[in-house]
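S.K.: Sequence plus the predicted model coming up.
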Amino acid sequence: MATLLKLFPTCTWTGRLAHLSRKGWAQSRSGRLLPCFPASQRCASTTSYLTVEMDDNTGVAVVTMKSPPVNSLSLDFLTEFSISIEKLEMDRKCRGVILTSGLPKVFSAGLDIMEMYGKGPEHCAEFWRAVQEMWLKLYGSNMITIAAVNGSSPAGGCLMAMACDYRIMADNPKYSIGLNETLLGIVAPFWFKDTMMNTIGFRATELALQLGLLHNAPNALRVGLVDELVPEKEVLSAASTAISKWLAIPDHARQITKSMMRKPTIDRLLSHRDQDINNFVSFITKDSIQKSLQVYMERLKQRKT
Ligand SMILES: CCCCCCCCCCCCC/C=C/C(=O)SCCNC(=O)CCNC(=O)[C@H](O)C(C)(C)COP(=O)(O)OP(=O)(O)OC[C@H]1O[C@@H](n2cnc3c(N)ncnc32)[C@H](O)[C@@H]1OP(=O)(O)O
């Protein structure tokens, strides 16, 4: 029991913990011992920015992002996110993840601009490694991953959604999704570009990246950036319905196929990881780029007044 609490310090189990015995342990794919519960039990764990609700009946975990006001991807958020995905990856019972937002109107506002503004090279390098890690974990996951996009999802938020296997978006023309980096005066790195090209093709990506296009929900469906639009209240239930289709496919066949499709893109970043960090640091710390970020943040704040 003590080991269990160490592994999952903030976990609230709805089952009867006292009945766990040595029999109740299973070995994960990586050989780690993980607790194994009877089929009817659910587990919800909450960290500072995420809630993870695991349903043992379906093998599906719902990961809800909740970092007010806009789920921006700070260093702490990214670190917590990668750890949570890693834990689910190691849980033999978990076959799929639905990623969604617990905030109104926003899925994720993308990278936290304040992590890139006025910060020294060491911080920028640490932050960028965390961004890479989030993408590597999600894009390379063996699990089925469905993005339930229940709000706007610019830049890094769009990357997160594209890293999933399937995207369902709320049918609200006010919500937008896309890689809008050029609008901030910055450049989407090659692996953001690769992920988008793998999703919507070369020409649509070329247009989208140069113009920094943020597609509203109907356009996002039209270009293939999302796979389904559903009424806002039905995004999560539609994601559950969609994932059941994926769960019907034998895991090993689906996983090998997914890896075949994604491995070259992942390997490209892995083999240039340090160089990509150096590029980011020297680019983002330039005075001209810092000025662009400052102007963009000021504009964001002025929109309110
Ligand atoms: C040789 C080649 C070399 C190339 C080398 C390349 C190297 C790599 C270069 C760098 C690559 C970087 C990649 C970057 C990726 C990103 O993700 S950048 C972030 C982009 N995100 C955005 O543009 C989104 C901006 N936000 C919004 O549009 C809106 O906030 C929203 C998400 C649509 C929500 O709108 P609304 O509900 O109206 O909320 P707001 O009032 O606008 O915002 C509330 C507060 O939150 C602050 N905020 C918003 N977004 C962010 C953010 N991303 N980071 C930090 N803070 C954010 C906003 O300012 C408000 O703050 P307050 O005024 O203090 O309340």
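M.R.: Received it, and whenever you're ready, just let me know what you need.
S.K.: in the protein, which spans are helices?
M.R.: 2-7, 75-90, 121-139, 156-162, 190-200, 202-211, 217-223, 235-247, 251-270, 273-284, 287-302 (DSSP state H).
S.K.: Any idea which of those helices gets closest to the ligand?
M.R.: helix 156-162 (3.2 Å; Cβ to the nearest ligand atom). For every residue, glycine as well, the C-beta is placed using N, CA and C.
S.K.: Can you give the distance of the closest one from its chain's centre?
M.R.: Mean C-alpha position of helix 156-162 versus that of the full chain (Cα atoms, centre = their mean, to the nearest Å) differs by 6 Å.
S.K.: Output the contacting helices and strands for that helix.
M.R.: helix 121-139, strand 144-149, strand 176-178, helix 190-200 (3 or more Cβ pairs under 8 Å, 6 or more residues apart in numbering; DSSP states H and E).
S.K.: looking at the ones you listed, which is closest to residue 81?
M.R.: helix 121-139 (5.6 Å; Cβ to Cβ).
S.K.: Near the ligand, which residues of the stretch 51-200 of the chain are found?
M.R.: With Cβ under 6 Å from any ligand atom as the criterion, the stretch 51-200 of the chain meets the ligand at residues 69-70, 72, 105-106, 109-114, 152, 154-156, 180-181, 184, 186-187, 189.
S.K.: Just the buried residues out of those residues, in ChimeraX syntax.
M.R.: In ChimeraX syntax, the buried subset of these is picked out as below (16 or more other Cβ atoms under 10 Å):
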select :70,72,106,109,110,111,112,113,152,154,155,156,180,181,184,186,189
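S.K.: and the helices and strands packed on helix 156-162, which is most packed in?
M.R.: Between the helices and strands packed on helix 156-162, strand 144-149 has the highest mean count of neighbours, a mean of 28, where neighbours are mean count of other Cβ atoms under 10 Å.
S.K.: which residues touch the spatially closest residue to residue 165 that is not a sequence neighbour?
M.R.: Nearest residue to residue 165, sequence neighbours excluded (Cβ to Cβ, 6 or more residues apart in numbering): residue 145, at 5.1 Å. Counting by Cβ atoms under 8 Å, 6 or more residues apart in numbering, residue 145 touches 96-97, 99, 138, 163-166.
S.K.: ditto for residue 115
M.R.: Taking Cβ under 8 Å, 6+ apart as the test, what residue 115 contacts is 74-75, 123-124, 127.
S.K.: Kindly report the same for residue 166.
M.R.: So residue 166 contacts 145-147, 227-228, 242, 246 (Cβ under 8 Å, 6+ apart).
S.K.: what's the nearest residue to the most centrally placed residue in the chain if we skip its chain neighbours?
M.R.: With distances taken as Cα atoms, centre = their mean, residue 160 lies nearest the centre of the chain, 3.7 Å away. Nearest-residue entry for residue 160: residue 108, 6.0 Å, with adjacent residues in sequence omitted and distances by Cβ to Cβ, 6+ apart.
S.K.: Please tell me I have it right and that neighbour contacts residue 72.
M.R.: Yes. Residue 108 lies in contact with residue 72 (Cβ atoms under 8 Å); the separation is 7.1 Å.
S.K.: For residue 99, see how far away residue 69 is.
M.R.: Residue 69 is 19 Å from residue 99, where distance means Cβ to Cβ, to the nearest Å.
S.K.: Let me fix that, I meant to ask about residue 286.
M.R.: Taking Cβ to Cβ, one finds residue 286 at 33 Å from residue 99.
S.K.: and the stretch 201-305 of the chain, which residues reach the ligand?
M.R.: 279-280, 283-284, 300-301, 304.
S.K.: From the residues you listed, list just the buried residues.
M.R.: Looks like those have 280, 284 buried, using 16+ other Cβ under 10 Å.
S.K.: what's the farthest-apart pair in the residues of the stretch 201-305 of the chain next to the ligand?
M.R.: 279 and 304 (33.7 Å).
S.K.: could I get the contacts of residue 166 as a markdown table with pLDDT?
M.R.: As requested, these are exported to a markdown table (pLDDT from 0 to 100):
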| residue | pLDDT |
| --- | --- |
| 145 | 98 |
| 146 | 98 |
| 147 | 99 |
| 227 | 98 |
| 228 | 98 |
| 242 | 98 |
| 246 | 98 |
